[in-house]
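Trainee: sequence first, then the predicted structure:
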Amino acid sequence: MSLASNTIKRFVQYSGMLILVSLLAACGNDSWNNPYSAKESDKNILYSSFSERPKHLDPVRSYSSNEYLFIAQIYEPPLQYHFLKRPYELIPLTATEVPQARYFDAAGTQLPNDVDSAQVAFSEYEITIQPGIRYQPHPAFARDADGHHLYHELAADYIESVNTLGDFPKTSTREATAEDYVYQIKRLADARLHSPLRGMLGGYIIGFADYSKRLEEIYSALKTPTDTTPFLDLRQHEMEGVKVLDRYRYRIQIKGKYPQLVYWLAMPFFAPMPWEADLFYSQPGMKKRNITLNWYPVGTGPFMLTENNPNLRMTLARNPNFHGERYPVEGEAEDRANGLLNDAGRPLPFIEKAVYSLERESIPYWNKFLQGFYDASGISSDSFDQAVQLGNQGEATLTDEMEQRGIKLVTAVQTSSFYMGFNMRDPVIGGLDERGRLLRRAISIAVDYEEYISIFNNGRGVPAQGPIPPGIFGFREGEAGINRYIYDLINGKPKRKSIEEAKALLAQAGYPGGQDKNTGSSLVLHYEAIGSGPDEKARLNWILKQFKKLGIQLVIRATDYNRFQEKMLKGTGQIFSWGWNADYPDPENFLFLLYGPNSKAGNGGENAANYSNPEFDRLFDQMKNMDNSPQRQAVIDQIIALVRKDAPWAFGFHPKGFTLYHAWYHNAKPNLMANNTLKYKRLDPQLRKQKRTEWNPPIIWPILVLLILLVLSVIPAAILHRQRERSAAK
Amino acid sequence: MMAYIIRRALYGIPILIGVNIITFMLFFVVNSPDDMARMHLGMKRVAPEAIEKWKQEHGYDKPLLYNAVASGTKSLTDTIFFEKSIKLFQFEFGSSDSGRDIGYDISQRMWPSLAIALPTLIVGLAINITFALLIAFFRATYIDYWSVVLCVVMMSISTLFYIIGGQYVVSKLLHLVPISGYDTGMSAVKFLILPVIIGVIGGIGSGTRWYRTLFLEEINKDYVRTARSKGLSENRVLFQHVLKNAMIPILTGVVVILPLLFMGSLITENFFGIPGLGSYTIEAINRQDFAIVRSMVFLGSVLYILGLILTDISYTLVDPRVRLS
């Protein structure tokens, strides 16, 4: 037999063996395409994903949603947001109650609660934490029989032999105390740790800025060529405005009045940090082994990070030392009907483990969700039509395919604002004179954000009437909330003014038909754009079209994000698009984006439009220290009226989040403020297992057909070969 | 031969310096140290002094290439370029700009890259050579003609199409393997099947055409004619004589890419969520992590030079006529 025939025969034999092995594997109950271990198919494990590895897991520094996804389940600040109630309400987490501010004058005399903020020299917050809160098991707490910490003075060669935290054989725990909360506030002041809050808190907490400087001096003195990051026991160094009162109580003193502090107390920045962990991770050599607080958190929360491989998978497992918490017993009116109170009063958390897999591309992520291997999913533009259909009134419903799978859709307008900003320092587009106002208002009318939402967001968004998004105090619903400079009220609904009205405003501004009436030249404006991909190009074309409606010549200055940032910082940009996501549910967190002293150019603040109106600044100063009340609403109304008149932004839209959940996933209620919601989630693993098997039967007949075709295609070649071999030499 | 190898290794040093300078310049044309600091510190509430502090801590507060304030050799050594480059030549990659040890990360992430690259290379080589030999066997027939057409079609299709098409058919429609992901140990096998199959299929067009050309060139040589005139069957001529002699360019072509297998595949790793060195490099570029980018480019250059030296050595092993001097 020829060598070629042998090869073909072997190929067929091996293919047969492969099919046999595959068939044997199919005898098991598990799907072949299950990316997880078959043993865990019916376990109470939540499966989710992350697209970008978290940069920092140290609560002093973490500030982005992909980091909060993990650390908010691990670290517990004193306060949290109620899971179900709206408007958002702060409730205690590790504190015994939400602290109330006490106000004092310069002489230290306590003032009444309703005192005018101008009279307040400083305010005090006294926080009492619950006893019995214990940290997750961690080697930093492990002690020997004599009570000495086992891993606080490690030899260099021992550290060299360690690769992960799991390589330390012994762990222990201890109770979280007030001192740990104070320790963390002191860490926020440490310039080496680059906390994003350091600058802001320096302006509020008494002694914070001085403490920060003092630490820098101490570290400079301690630093040696071999140890550039020496450990400093912050317990030995007091901060004037932050004091430990006893084992469970501490006090924060604030310059003047700053009611927003309580919101920060609900963020991981203010979670407790044990000094033992700080010392443990500071040992020379630990950083080289990648064993740092940035990668191995130590918390008191319901979960702990048991697997930290940000290149592949992050796993949160139940913290065996969790102090316990119960599912809320009250919520909004419709929560009971929606089954969100079915677990009322039951102990948390419900799930054993949460596995987050790295998933960079949206197509595999979406397909895995449809196969049942992810429990919940957002909807990318690519898969929007497959998942959602929009009704005549714009209402979103699931497609039949999704309905048949028992998938549920939950939507929520996000507490974010996207806008088109005008640089108020620019001589053409900026300025508080009437010409500038009219020009900006004309553009605001022309830029049709209803169309934008429909084209680029699949209808997922609400056109903005001002800087404050729905769900935040100060936002007004209905007629009262309509920006009358841009919209008319028709049949009780806002309707964008006509382009003719925009043209008329443009003419009043001195640019009839987009021509400067003094010089006769075309009005040329510049738009600062980021990126140049196909999606971005379509968006830029759309923006060009909006300006063209007014006869304005728009020049797109496309650049990368770095150059864009640079232009914004120097104040050399003219028109740009930007957005802001709420840190906390207070109007101050949005209106400060237009506060004069917070301008980006010159001050490096977040006011990218560099809007500076003394009247706005005065009202903002008045509003920011007020409690939510009709009086505060009245001031906010004045502020909103002012920014609508000045139009430093073309108010864009508030995005609407669409999330899909499988039938086995329970207690899904969007909470845009709380990040620690994993503990409320409940699963039905048996249903999931059943559906996965049902949805993913291996189909092997096409492979068999392919093999047969391959074999058949070889036959003519074999015949030809045979003929050649038998033919006489030519 | 030793002298030759040492000489070739020394030739590599100016090449590495050149590569390092080009990487440095390209990176800093696009990103300034301020941009890098902003990227690492986040987008919200970043104070200017925090940026300065970050630059100082990471050694980016110095001039890029030339220090006009310093005197003597310090004007060249007290720069970002010198300080960041000198340790690379000692193979000390240091820490990434986000604080992780690069050497450790490379040692962890090269295995997933190899787990895809090695089987793809071996299986692909076997299939491509087999196909090329068969086509050469049927040279100047309709099988040869249509095989070449098929090869041209296959090599004209983008890798991305193979990946997305493969994921759609094999994982989504047929439910045979996971669509993406990775695991350690034997559990990795189910995740490797699809990327390896796609890698092999994606390479069949160009590989088969290349090897077919090599075989056809050999077939026309005198020794083949002699073998045929001695009455050997075409099978023996092809598989015992032509294949053996064509192995010289095949082997040297394979040896040159062997060290680069460690570097991984940028697109495949990204689409299949495989935590190899290819995705490591892409991530670093996206995050403006210069420490990782320069380390990976440097490592790639070193491995490429190593591959070339190994190729020269392999010539002497497979062809006794070649002597290195």
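Mentor: Thanks, I have it.

Trainee: longest helix in chain B, by residue count?
Mentor: In chain B, taking DSSP state H as the definition, the longest helix is helix B:102-137.

Trainee: so which elements touch that one?
Mentor: Applying 3 or more CB pairs under 8 Å, 6 or more residues apart in numbering or on different chains; DSSP states H and E, one finds that helix B:102-137 contacts helix A:3-26, helix B:142-156, helix B:189-219, helix B:243-257, helix B:266-272, helix B:277-286, helix B:290-318. For the C-beta atoms, the positions are set from N, CA and C on the backbone; glycine is no exception.

Trainee: so what's the closest residue to A:I429 other than its chain neighbours scoring on pLDDT?
Mentor: Spatial nearest neighbour of A:I429, excluding adjacent residues (CB to CB, 6 or more residues apart in numbering or on different chains): A:F422 at 4.7 Å. A:F422 carries a pLDDT score of 97 in this model.

Trainee: and what about the closest residue to B:L65 other than its chain neighbours, helix, strand or coil?
Mentor: Closest residue to B:L65 apart from its sequence neighbours, by CB to CB, 6+ apart: B:F81 at 5.0 Å. With DSSP: H, G, I helix; E, B strand; the rest coil as the basis, B:F81 sits in helix.

Trainee: near B:F81, how many other residues are there?
Mentor: 20 (other CB atoms under 10 Å in any protein chain shown).

Trainee: now do the contacts for it.
Mentor: Residues counted as contacts of B:F81 (CB atoms under 8 Å, 6 or more residues apart in numbering or on different chains) are B:I21, B:F24, B:L64, B:L65.

Trainee: okay if I get those as TSV plus pLDDT and neighbour count?
Mentor: As requested, the contacts of B:F81 are exported to TSV (pLDDT from 0 to 100; neighbours: other CB atoms under 10 Å in any protein chain shown):
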residue	pLDDT	neighbour count
B:I21	87	13
B:F24	86	20
B:L64	84	14
B:L65	82	14
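
Trainee: below-threshold pLDDT in chain A: ranges please.
Mentor: Applying pLDDT under 70 to chain A picks out residues A:1-29, A:226-228, A:532, A:728-730.

Trainee: buried residues in the longest helix that it contains, which are they?
Mentor: As assigned by DSSP H, the longest helix anywhere in chain A is helix A:701-726. Neighbour-count burial for helix A:701-726, counted by 16 or more other CB atoms under 10 Å in any protein chain shown, picks out A:I703, A:L707, A:V714, A:A717, A:H721.

Trainee: what's the answer for stretch A:81-98, then?
Mentor: Residues of stretch A:81-98 classed as buried: A:Y81, A:H82, A:F83, A:L84, A:R86, A:Y88, A:L90, A:P92, A:L93, A:T94, A:A95, A:V98 (neighbour count, 16+ other CB under 10 Å).

Trainee: which residue ranges make up the domains of the chain?
Mentor: You didn't say which chain, so I picked chain A. Domain ranges of chain A: A:3-32+A:700-726, A:70-305, A:416-657, per automatic domain parsing.

Trainee: not quite, I wanted chain B
Mentor: According to automatic domain parsing, chain B comprises the domains B:2-90, B:108-318.

Trainee: for A:T171, which non-adjacent residue is closest in space?
Mentor: Distance criterion CB to CB, 6+ apart; nearest residue to A:T171, sequence neighbours excluded, is A:P137 at 3.9 Å.

Trainee: OK, contacts around the closest residue to chain B within the stretch 101-250 of chain A?
Mentor: The nearest approach of the stretch 101-250 of chain A to chain B comes at A:G199, 3.9 Å away (CB to the nearest CB). Contact analysis of A:G199 by CB under 8 Å, 6+ apart lists B:R45, B:A47, B:E49, B:A50.
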